[in-house]
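Enquirer: take a look and give me a structure for this.
(chains A and B)
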Amino acid sequence: MFLNSRRFSIPLVVLVLGFACGGIAAAQSFTAAHAKVSLIAENNSLQPGQSAWVGVLFDLEKGWHIYWVNPGDSGERPKIQWQLPAGFQAKEIRWPTPVRLGTGTVIDYGYEGRVLLPVPMQIPADYKSGKPAMLSADIRYLICREVCIPAKAQASLAIPSGNANGVAADRELFRSTFENSPKPLPAGWKAQASDMGGFFQLSLDTGTSESKAAFFPLEEDQVDNAAPQGVTATPRGVQLKLKKSDQLLKPIAALKGVVVFSPGRAYEVSAPLTGPVTGKK
Amino acid sequence: MKRAATSWMIVAAALLCALPLARAARVGEHAPDFSVTDTNGKVEKLSEYAGKFVVLEWSNRGCPYTQKHYNSGNMQRLQQEWTQKGVIWLTVISSAPGKQGYVTAADENSWLKQIKAAPTAVLLDPTGTLGHLYDAKTTPQMFVISPQGTLVYDGAIDDKPSTDRADIGRAKNYLSQALAEATAGKAVSTPTSRPYGCSVKYPGSWF
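Expert: Predicted coordinates:
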């Protein structure tokens, strides 16, 4: 307990000083349960009526992972509870492209290493440019290696911050995260899915033959996470054979998820179902 | 030559017939039989409970999702309620030796006493054979088998996938609902749901 209060008193002092002096870097991070968790912003200033990128940065201990919006067969996605100045509004996390985790019959989707979860923050129209703003969040997340630990972190960020180098590094983190995030399907591409009884056939028309692709389902109960995905190159794209989830008993209107062709080449897919639309059985 | 071909066809036909048995259990279909030793050294066979409702509960006492339901007393309450109504409740531990949740029979028996758990029996499945037969993915994960041997529920214990004990009171308990409906002779309205929790710690799994 004594150790704890000592550990947290230093960032707290920095935080208070940061506010008092105005313009000194002021971010409070939280080290607990195999991760360092902090809040960062893409820009050092906020503009009234605009949306700004802020994000929760996880530095995970080697071997540990957290989860995507759809955690897969086990696990749970991180949840953020914001404490914001009046009129500020945090939107949904823009989830970066996940990786497949696990082996055998239990497959999860998540992140390892360093991961930034960007959140668009709506700034109210009556906000005065340059006025210091304090953003705080309670972050609840499940972190697992071989075992799982439910963890809670508190992080805060004061804007503006005077630390030019720090801000540049943070901006770079947002840039690389967006680069590694699923992008909307480019104009001219097509995604379609057919219900083949025990499996879905997802067809993507990208204009060029694709030999590699992996599908990450956005909804929890559509696709069997552990089943191998049959990938077939077509002259104008790729086809994936996706086994239905055992939990899927009702017809679905669209197959939603992320298709990853290669690291950095990931796209959001919402493929309407064509053909015989039936539940499994 | 002809006889050899015929025997091959018989072998092939036998293999094809055996295939559906190798596939994991699925709701609406026959629940595969098993034979697993419990913590009292008794061999538990599903077929011996024909004519009764059977609950299978996958468990790992080190898993925070399992702990949510045991530390709150929720799981024990469900075990008491349904075994008193004649339901057979089999807790299954599929953690491999060296992995989280692996227990010896004696250790588990003293633990059961300490936490006042009330299952009919606890099955030890360190090889994961039973877990794979039912394709159990998480702890907790619940299955309900009808007296006719049909799998009528496969999924989560409730609709609040969290480690927060406070969620139990606000949750819709899928297991209770399935048992209440099935024991009243009704169709189970939610026969399957996404199980939530920790992954089952099978041999060879890396988390």
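Enquirer: contacts only, for the residue nearest to the spatial centre of chain B.
Expert: Central residue of chain B (C-alpha atoms, centre = their mean): residue B:56, 3.0 Å from the mean position. By C-beta atoms under 8 Å, 6 or more residues apart in numbering or on different chains, the contact set of residue B:56 is B:90, B:92, B:134, B:136, B:142, B:143, B:145. All C-beta spots, glycine's among them, are computed from the backbone N, C-alpha and C.
Enquirer: let's go with 10 Å and repeat that
Expert: Applying C-beta atoms under 10 Å, 6 or more residues apart in numbering or on different chains to residue B:56 gives the contacts B:25, B:31, B:34, B:46, B:88-92, B:123, B:130-131, B:134, B:136, B:141-145, B:151, B:153-154.
Enquirer: out of those, which are inside strands?
Expert: B:88-92, B:123, B:141-145, B:151, B:153-154 (DSSP state E).
Enquirer: closest one of the residues you listed to chain A?
Expert: residue B:154 (7.0 Å; C-beta to the nearest C-beta).
Enquirer: re the thing from before, return the members of the ones in strands among the contacts of residue B:56 classed as buried.
Expert: Those of the ones in strands among the contacts of residue B:56 that meet the buried threshold are B:88-92, B:123, B:141-145, B:151, B:153-154, by 16 or more other C-beta atoms under 10 Å in any protein chain shown.
Enquirer: just put the residues you listed in JSON lines and tack on distance to chain A and pLDDT.
Expert: Shown next, in JSON lines, are those (distance: C-beta to the nearest C-beta, whole Å; pLDDT from 0 to 100):
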{"residue": "B:88", "distance to chain A": "23", "pLDDT": "98"}
{"residue": "B:89", "distance to chain A": "23", "pLDDT": "98"}
{"residue": "B:90", "distance to chain A": "20", "pLDDT": "98"}
{"residue": "B:91", "distance to chain A": "19", "pLDDT": "98"}
{"residue": "B:92", "distance to chain A": "15", "pLDDT": "98"}
{"residue": "B:123", "distance to chain A": "19", "pLDDT": "98"}
{"residue": "B:141", "distance to chain A": "10", "pLDDT": "98"}
{"residue": "B:142", "distance to chain A": "13", "pLDDT": "98"}
{"residue": "B:143", "distance to chain A": "12", "pLDDT": "98"}
{"residue": "B:144", "distance to chain A": "15", "pLDDT": "98"}
{"residue": "B:145", "distance to chain A": "16", "pLDDT": "98"}
{"residue": "B:151", "distance to chain A": "10", "pLDDT": "97"}
{"residue": "B:153", "distance to chain A": "11", "pLDDT": "98"}
{"residue": "B:154", "distance to chain A": "7", "pLDDT": "96"}
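Enquirer: and of these, the nearest to residue B:69?
Expert: residue B:142 (10.3 Å; C-beta to C-beta).
Enquirer: pretty sure the closest one sits against residue B:79.
Expert: No. In this structure, residue B:142 is not within contact of residue B:79 by C-beta atoms under 10 Å, at 11.6 Å.
Enquirer: overlap in contacts, those two.
Expert: B:55, B:57.
Enquirer: quick one: the helices in chain B?
Expert: B:2-22, B:64-71, B:74-84, B:105-115, B:129-133, B:167-170, B:174-183 (DSSP state H).
Enquirer: which stretches of chain B have low pLDDT?
Expert: B:1-23, B:206-207 (pLDDT under 70).
Enquirer: from residue A:188, how far off is the residue nearest to residue A:260 when sequence neighbours are not counted?
Expert: Counting by C-beta to C-beta, 6 or more residues apart in numbering or on different chains, residue A:260 lies nearest to residue A:266, which is 4.4 Å off, once chain neighbours are set aside. Residue A:266 sits 18 Å away from residue A:188, going by C-beta to C-beta, to the nearest Å.
Enquirer: what about the residue nearest to residue B:202 when sequence neighbours are not counted, how many neighbours?
Expert: Closest residue to residue B:202 apart from its sequence neighbours, by C-beta to C-beta, 6+ apart: residue B:128 at 4.2 Å. Other residues within reach of residue B:128, judged by other C-beta atoms under 10 Å in any protein chain shown, total 20.
Enquirer: what's the answer for residue B:71, then?
Expert: Using other C-beta under 10 Å: residue B:71 sits among 12 other residues.
Enquirer: what do you get for residue A:196?
Expert: 14.
Enquirer: who in the stretch 51-200 of chain A is up against chain B?
Expert: A:63-65, A:70-77, A:79, A:101-108, A:140, A:142, A:144-151 (C-beta under 10 Å from any C-beta of the partner chain).
Enquirer: which of these are buried? Put it as a ChimeraX command.
Expert: Entered in ChimeraX, the line below selects the buried ones among these, by 16+ other C-beta under 10 Å:
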select /A:64,65,70,71,72,73,74,75,76,77,101,102,105,106,107,108,140,142,144,145,146,147,148,149,150,151
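Enquirer: okay, and which of the residues of the stretch 51-200 of chain A next to chain B map to strands?
Expert: Per DSSP E, these map to strands at A:65, A:70-72, A:79, A:101, A:108, A:140, A:142, A:144, A:148-151.
Enquirer: tell me who's in contact with the nearest residue to residue A:112 once chain neighbours are set aside.
Expert: Nearest-residue entry for residue A:112: residue A:65, 4.8 Å, with adjacent residues in sequence omitted and distances by C-beta to C-beta, 6+ apart. Residues near residue A:65 by C-beta under 10 Å, 6+ apart: A:34-35, A:58, A:75, A:98-99, A:101-102, A:108-113, A:115, A:142-145, A:148, B:207.
Enquirer: and if you look at residue B:162?
Expert: A:76, A:79, A:140, A:142, A:150, B:64, B:65, B:68, B:168, B:171, B:196.
Enquirer: one more time with 8 Å, if that's ok
Expert: Per C-beta under 8 Å, 6+ apart, neighbours of residue B:162: A:76, B:68.
Enquirer: separation between it and residue A:58?
Expert: From residue B:162 to residue A:58 the distance is 19 Å (C-beta to C-beta).
Enquirer: ok, now residue A:98?
Expert: 13 Å.
Enquirer: common neighbours of these two, please.
Expert: Taking C-beta under 8 Å, 6+ apart as the criterion, residue A:98 and residue A:58 both touch residue A:111.
Enquirer: partners of residue A:37 in the sheet?
Expert: residue A:30, residue A:58 (DSSP bridges).
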